[in-house]
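Chemist: sequence and predicted model, in that order:
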Amino acid sequence: MTDRSTRTFVALAATVALLLPVAGINAAQKKKPAPKKPAPVKKADPKAGMALFASEGCKTCHKTKDHADGGAMADLSKVGAEHTAAQLTAFIKNPAAKAPAMPAFKGSPDALANIVAYLLTQK
Ligand code: HEC
């Protein structure tokens, strides 16, 4: 190699050496998954739960303080004092063992959380 071509080569190599890590960093940044935003914590809404209690058919079989005209299968007007949210949630999703006459709730987790929040007002 002549002096000139050596210099050109060194200059090119230096340029490539400088650019490669930059490209590498960019690629790494692109691959990184976007930071997960925490899911917004929705507070269960007992008022919505009270409406769901009627629209989901619970009222057909159950009375509460607000649904005195509900069915007579079981009066739930004290159920919030007798059970925790976790107990109520588990039971309503799968009542078969304790209450074979009661259908399992098939609605959304949000709807169930609202119904449970409503039942917890029954004390
Ligand atoms: C077809 C009638 C029927 C429907 C509809 C029904 N249930 Fe029930 N439920 C029952 C029966 C029967 C029991 C058992 C009562 C008992 O053991 O004294 C029960 C028990 C319960 C209990 C437990 C009460 C306790 O003191 O342990 C809860 C809570 C409950 N139901 C909530 C609901 C909710 C919420 C819905 C609507 C998503 C619903 N039920 C729909 C019949 C029904």
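Modeler: Nice, I can see it. Numbers count the residues shown, from 1 in each chain.
Chemist: ok, Lys98 - how many residues close by?
Modeler: Neighbourhood size, Lys98 [other CB atoms under 10 Å]: 8. Placement of C-beta: from N, CA and C, glycine included.
Chemist: distance check, it against the ligand.
Modeler: The gap separating Lys98 from the ligand is 6 Å, by CB to the nearest ligand atom, to the nearest Å.
Chemist: spit out the contact partners of that residue.
Modeler: Phe91 (CB atoms under 8 Å, 6 or more residues apart in numbering).
Chemist: just checking, Ala117 is part of a strand?
Modeler: No - counting by DSSP: H, G, I helix; E, B strand; the rest coil, Ala117 falls outside a strand, being helix.
Chemist: separation between it and Met102?
Modeler: Taking CB to CB, to the nearest Å as the measure, Ala117 falls 19 Å from Met102.
Chemist: more neighbours: which of these two?
Modeler: Remark: of Ala117 and Met102, Ala117 carries more neighbours, 20 against 17, as counted by other CB under 10 Å.
Chemist: tally of neighbours for the closest residue to the more buried one other than its chain neighbours?
Modeler: Nearest non-adjacent residue to Ala117, counting by CB to CB, 6 or more residues apart in numbering: Ala44, 3.6 Å away. Using other CB under 10 Å, Ala44 is surrounded by 17 other residues.
Chemist: residue contacts, Ala44?
Modeler: Contacts of Ala44 were listed using CB under 8 Å, 6+ apart, and they are 110, 113-114, 116-117.
Chemist: cheers, nothing more for now.
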